[in-house]
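> A structural model of the following input is requested.
(one chain, ligands or ions: 1)
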Amino acid sequence: MRKTISKYEMLGPRDRIMVAVSGGKDSVTLLHILAKIEKAFPDVVLCAGTVDEGIRDYRDEALKIAEENCRKLGVEHRVTSFKELFGYELDEIVELARNKGLSGLTPCSYCGVLRRKALNSLAREAGVDKLVVAHSLDDETQTMLLNIVHGDPLRLARSKPVLDVIHPKLVQRVKPLCMVPEKEVVLYAYLKGIEFQSITCPYAQTALRNDIRTMLNRMEHKHAGTLFTVFHSIEKIRPALEAYAKEVELKDCRACGEPTVGDLCRSCQMLEQLGIL
Ligand SMILES: [Zn+2]
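Numbers count the residues shown, from 1 in each chain. The predicted structure is shown next:
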């Protein structure tokens, strides 16, 4: 992971950093590793941020685990919630979408878009320079293939290990675990006795990502190294994609003021569709 951080110049010796901690194995392990590395850099300020989406019988436990890990490590922990930011919990949003007969989007679609916005707000309020997310090699390759399956290959140009800063309101995201296979993260967590949430999200089964994960895991099992090959192939073609993808000019969303390409940002579009904007 240290190699990845220096290869992509992800973090600097004077950075203020927020780690997005869900309570799951990847994010909690990343927090432990960064807290350890941070000791060698006295000017670095490290904190953790958690978004409570409002998922019954799941998020409460994860939140406790995130808090407990932060307490042990002496890391400041900030929390925000969908309820606080959008007025509704994810469970309520899923229920609303069902009642309105909106079958086009899965719970993961709502959660992904709203969580991204919530995390950015949390990081911006904390005044940090970098928002560190715990996407592993598995997550990254799944996302790459998902973009292709969704027919949105130009997203591959933007979804990099270190995201470009395209607007002052968007905190730069970096992914130090992007070249670490998930099984190595789990192994590290077990060896170090790190406590994390082991149950999966009750909504996870609904996502297309699940099918892609199963396919990639089968490939990796039969042909070891597949995940790295996919990752490096995309790295190779990304400069060509970046040259092809037009630079977009961001405007302020007319409802919330956050940066967006259109008139309304994706989150506000979703909330409007649900009748709760
Ligand atoms: Zn908006």
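
> how close does residue 197 sit to the ion?
With distances taken as C-beta to the ion, to the nearest Å, residue 197 is found 30 Å from the ion. In this view, the C-beta of every residue, glycine as well, is placed from N, C-alpha and C.

> number of nearby residues for that residue?
Residue 197 is flanked by 20 other residues according to other C-beta atoms under 10 Å.

> phi, psi for it please.
As for residue 197, its main-chain torsions (degrees, to the nearest 10) stand at phi -80, psi 130.

> for residue 28, same thing?
Backbone torsions for residue 28, taken as degrees, to the nearest 10, come to phi -70, psi -40.

> which SS class is residue 17?
Using DSSP: H, G, I helix; E, B strand; the rest coil, the secondary structure recorded for residue 17 is strand.

> ok, it touching residue 126?
No. Residue 17 is beyond contact range of residue 126, at 9.7 Å (criterion: C-beta atoms under 8 Å).

> surely residue 82 touches residue 88?
Yes. Counting by C-beta under 8 Å, residue 82 touches residue 88, with 6.4 Å between them.

> pick out whichever of these two has more residues nearby.
Comparing residue 82 with residue 88 by neighbour count (other C-beta under 10 Å), the higher total belongs to residue 82, at 25 against 19.

> any idea how far the more buried one lies from the ion?
Distance from residue 82 to the ion, by C-beta to the ion: 14 Å.

> rewinding a little: give the residues shared as contacts by residue 82 and residue 88.
Common neighbours of residue 82 and residue 88 are listed as residue 54 (criterion: C-beta atoms under 8 Å, 6 or more residues apart in numbering).

> can you map out the helices along this protein?
Assigned by DSSP state H, the chain shows helices spanning 2-7, 25-38, 59-73, 82-86, 90-99, 107-126, 137-149, 155-158, 182-191, 208-222, 226-244, 266-273.

> alpha carbons only: can I get the first one in PDB?
I take that to be helix 2-7. Taking C-alpha atoms only, helix 2-7 is exported to PDB below (Å, rounded to 0.1, in the frame of the first residue of the first chain):
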ATOM      1  CA  ARG A   2       2.900   2.400   0.800                       C
ATOM      2  CA  LYS A   3       4.100   1.700  -2.800                       C
ATOM      3  CA  THR A   4       0.700   2.700  -4.200                       C
ATOM      4  CA  ILE A   5       0.600   5.900  -2.100                       C
ATOM      5  CA  SER A   6       4.000   7.000  -3.400                       C
ATOM      6  CA  LYS A   7       3.500   5.700  -7.000                       C
END
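
> alright, calling it a day.
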